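*Asks:* Dropping the sequence and predicted coords here.
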Amino acid sequence: MSGPSESESGKVGTPELFDKVVNLTKRRGFVYPSAEIYGGFRSTYDYGPIGVLLLRNVKDAWWRSMVQLREDVVGLDASILSPPQIWEASGHLANFTDPLVDCTNCNTRHRLDKLDDPEVCPNCGTRGSFTEPREFNLMFKTQAGPVQDAGAVAYLRPETAQGMFINFKNVIDTTRVRPPFGIAQVGKSFRNEITPGNFVFRTREFEQMEMEFFVHPDEAQQWYEYWCAERYQWYLDHGMPEEQLRLRPHDDDELSHYSSGTSDVEFLFPWGWDELEGIANRGNYDLTQHAAHSGEKLEWYDQAANERWVPHVIEPAAGATRTAMAFLMAAYDEEEVKGETRVVLRLHHRIAPYKVAVLPLSKKAELADPARALAQQLRGSFMTDYDETQSIGRRYRRQDELGTPYCITFDFDSLEDHAVTVRERDSMEQERIPLADVASYLRERMI
Ligand code: ATP
């Protein structure tokens with residue numbers, strides 16, 4: 001945890017906001033504690049019917065920017081189970097450790113590198129009560145197959161990145177990529193974190209969105225700067241407020257030994273600035289390591305220049321689950337409307353779980369049937385909710401809490417004028433639109 005927040009707006013940085021968002025996610029089906037009927041399983045979460053849409057949208061928005069809209073990046077989906085050789089070569093077996101200390105007074109366990117004061121227990125306040133730090137490897141070890149011998153040892157990947165390095169040769173041999181190019185992957189990673197917490201911010205099972213961008217060594221610095229700017233902008237483009245987002249270059253003593261530059265995209269969480277994504281200039285460390293350990297040549301042959309070189313790598317590595325949480329924190333808002341508090345998630349339309357909700361004014365078949373038909377028609381293009389329960393006011397409020405950008409009300413006049421009322425979430429402004437134009441109206445605003 002990194003000290004008190006530096007919020008200027010007053011909205012961010014309060015522990016109350018954290019509690020409100022966590023409560024909302026539970027109440028509205030975003031996130032449930034895992035194995036809840038068995039008392040829960042510490043620090044694991046299940047994404048419910050709304051959360052799964054949100055998380056998928058975060059990953060899709062990333063994929064769209066990083067793969068779909070680019071000529072120079074291809075995708076990959078590598079296996080999670082992996083042999084020790086990969087982690088030996090990458091350095092994870094030896095170095096992927098956190099320094100662990102126990103407080104001898106209150107028996108709590110802490111990561112030494114995350115303490116505000118390395119001498120003082122943040123739980124009980126005792127000074128000098130810590131044990132000597134122990135290095136704790138964060139990888140989950142398991143066994144593949146029925147025989148428990150050394151040959152059966154496997155690991156759950158602690159990052160997706162190694163999948164790109166070990167497939168570097170496959171990708172250059174089977175596709176038409178040439179540097180500068182990237183390989184991108186979205187998927188689960190596992191770390192046996194000592195201090196999971198802050199809801200889904202730090203969990204033992206989480207999702208990452210990573211890309212390895214392979215470049216000529218002389219161009220590494222320029223591409224590093226390019227990706228820092230590009231990734232920072234991605235969060236702004238998807239609705240993060242500038243005052244809650246910063247790009248923080250690492251100090252020299254924070255850099256890994258192979259990195260010549262790393263910057264974190266940080267979000268102002270209720271507990272202070274914390275990391276959403278790291279962008280690192282990794283040099284040729286990874287390909288060189290895997291080449292040495294596997295005996296494969298992992299290099300680029302430039303035919304025109306008749307030159308061989310090992311590409312340098314720029315890595316933007318983001319967390320999908322952590323970013324989804326940051327989007328929720330940034331989007332949460334409360335305002336007074338006609339003497340009542342309106343809770344609204346002002347999510348960017350690409351991130352919002354539902355894009356539109358169709359609400360017939362009455363449950364009667366004469367309205368419900370055509371309203372259902374409209375919802376069904378919209379489903380071809382937009383994630384669409386349909387809701388006929390309770391008063392229209394309560395239904396609007398429910399959709400506001402889900403962050404649905406548009407609500408469409410089908411009323412008795414709709415039967416006559418073949419038009420519906422579209423209500424925009426943030427302004428609450430309403431507009432009458434011909435039924436036939438609804439899809440194009442939404443498309444213009446959201447695609
Ligand atoms: P931290 O310092 O917070 O432990 P890290 O610097 O070790 O993170 P990286 O290895 O750079 O993280 O991983 C890239 C991204 O993956 C992080 O920026 C974060 O968004 C996400 N991430 C890493 N560990 C976790 C975790 N335990 N739970 C959720 N997301 C995580």
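*Replies:* Alright, I've got the coordinates.
*Asks:* Spell out which parts of the stretch 201-350 of the chain neighbour the ligand.
*Replies:* Proximity of the stretch 201-350 of the chain to the ligand, by Cβ under 6 Å from any ligand atom, involves residues 202-203, 206, 208, 275-278, 317-319, 321-322. For the C-beta atoms, the positions are set from N, CA and C on the backbone; glycine is no exception.
*Asks:* Which of these fall in strands?
*Replies:* Within those, residues falling in strands by DSSP state E are 206, 208, 275, 276, 277, 278, 317, 318, 319.
*Asks:* Give me the neighbour count for residue 260.
*Replies:* A count of nearby residues for residue 260, using other Cβ atoms under 10 Å, gives 14.
*Asks:* on that earlier part again, which two in the ones in strands among the residues of the stretch 201-350 of the chain next to the ligand are spaced the farthest apart?
*Replies:* Across those, no pair lies farther apart than 206 and 278, at 14.2 Å, counting by Cβ to Cβ.
*Asks:* For residue 43, give me its contacts.
*Replies:* By Cβ atoms under 8 Å, 6 or more residues apart in numbering, the residues touching residue 43 are 193, 196, 197, 202, 203, 204.
*Asks:* re earlier: can you pick out the most distant pair from the residues of the stretch 201-350 of the chain next to the ligand?
*Replies:* Across these (Cβ to Cβ), the longest gap, 17.4 Å, separates 203 and 278.
*Asks:* who wins for most neighbours among the contacts of residue 43?
*Replies:* residue 203 (22 neighbours).
*Asks:* Check the gap between that one and residue 170 for me.
*Replies:* Residue 203 sits 31 Å away from residue 170, going by Cβ to Cβ, to the nearest Å.
*Asks:* For the ligand, what's the nearest residue on the stretch 101-250 of the chain?
*Replies:* Residue of the stretch 101-250 of the chain nearest the ligand, by Cβ to the nearest ligand atom: residue 206 (3.5 Å).
*Asks:* picking that back up, is it possible to get JSON lines of the residues of the stretch 201-350 of the chain next to the ligand that adds pLDDT?
*Replies:* Supplementary listing: those in JSON lines, determined by pLDDT from 0 to 100:
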{"residue": "202", "pLDDT": "95"}
{"residue": "203", "pLDDT": "96"}
{"residue": "206", "pLDDT": "98"}
{"residue": "208", "pLDDT": "98"}
{"residue": "275", "pLDDT": "97"}
{"residue": "276", "pLDDT": "98"}
{"residue": "277", "pLDDT": "98"}
{"residue": "278", "pLDDT": "98"}
{"residue": "317", "pLDDT": "98"}
{"residue": "318", "pLDDT": "98"}
{"residue": "319", "pLDDT": "98"}
{"residue": "321", "pLDDT": "97"}
{"residue": "322", "pLDDT": "97"}
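*Asks:* just checking, residue 181 touches residue 213?
*Replies:* Yes - the criterion here is Cβ atoms under 8 Å, and residue 181 meets it with residue 213 at 7.3 Å.
*Asks:* Are there residues contacting both of these two? Which ones?
*Replies:* Listed as contacting both residue 181 and residue 213 by Cβ under 8 Å, 6+ apart are residue 73.
*Asks:* Neighbour count for these two, which is higher?
*Replies:* Relative neighbour count places residue 213 above the other of residue 181 and residue 213, with 28 against 21, counting by other Cβ under 10 Å.
*Asks:* Make sure the more buried one is indeed in a strand.
*Replies:* Yes - membership of residue 213 in a strand is supported by DSSP: H, G, I helix; E, B strand; the rest coil.
*Asks:* if I pick it, what's in contact with it?
*Replies:* Neighbouring residues of residue 213 by Cβ under 8 Å, 6+ apart: 73, 180, 181, 182, 223, 227, 313, 314, 315, 316.
*Asks:* what's the neighbour count on the last one?
*Replies:* Applying other Cβ under 10 Å, we find 25 other residues in the vicinity of residue 316.
*Asks:* Touching, it and residue 211? I think so.
*Replies:* Yes - using Cβ under 8 Å, residue 316 is in contact with residue 211, at 5.4 Å.
*Asks:* which residues does residue 67 contact?
*Replies:* Counting by Cβ under 8 Å, 6+ apart, residue 67 touches 73, 74, 75, 184.
*Asks:* Among those, find me the one that's closest to the ligand.
*Replies:* residue 184 (13.7 Å).
*Asks:* what phi and what psi does the backbone show at the nearest residue to residue 211 once chain neighbours are set aside?
*Replies:* Distances taken as Cβ to Cβ, 6 or more residues apart in numbering place residue 184 nearest to residue 211, at 4.1 Å, with adjacent residues excluded. When read as degrees, to the nearest 10, the backbone of residue 184 gives phi -120, psi 150.
*Asks:* What distance do you get for residue 184 to residue 362?
*Replies:* 48 Å.
*Asks:* Among those two, which residue is more densely surrounded?
*Replies:* Counted by other Cβ under 10 Å, residue 184 and residue 362 do not tie: residue 184 has more neighbours, with 22 against 14.
*Asks:* Out of the contacts of residue 213, list just those in strands.
*Replies:* Filtering those for strands - DSSP E - leaves 73, 181, 182, 313, 314, 315, 316.
*Asks:* The closest residue in space to the fifth one that isn't next to it in sequence bridge partners, please.
*Replies:* This means residue 314. Distances taken as Cβ to Cβ, 6+ apart place residue 213 nearest to residue 314, at 4.4 Å, with adjacent residues excluded. Beta-bridge pairing for residue 213 (DSSP bridges): residue 182, residue 314.
*Asks:* ok, residue 162 - contacts?
*Replies:* Per Cβ under 8 Å, 6+ apart, neighbours of residue 162: 78, 82, 86, 87, 90, 286.
*Asks:* Which element, helix or strand, includes residue 155?
*Replies:* Element membership for residue 155 (DSSP states H and E) is strand 153-156.
*Asks:* What helices and strands are in contact with that strand?
*Replies:* strand 81-82, helix 84-90, strand 140-143 (3 or more Cβ pairs under 8 Å, 6 or more residues apart in numbering; DSSP states H and E).
*Asks:* If you count neighbours, what's buried in it?
*Replies:* Using 16 or more other Cβ atoms under 10 Å as the burial criterion, the residues of strand 153-156 that qualify are 154, 155, 156.
*Asks:* can you check stretch 255-264 too?
*Replies:* For stretch 255-264, the neighbour count (16+ other Cβ under 10 Å) marks 258, 259, 261, 262, 263, 264 as buried.
*Asks:* And those, which is closest to residue 240?
*Replies:* Using Cβ to Cβ, residue 264 comes nearest to residue 240 of the buried residues of stretch 255-264, at 14.3 Å.
*Asks:* Settle this for me: that closest one is touching residue 275, isn't it.
*Replies:* Yes - Residue 264 is in contact with residue 275 according to Cβ under 8 Å; the separation is 4.6 Å.
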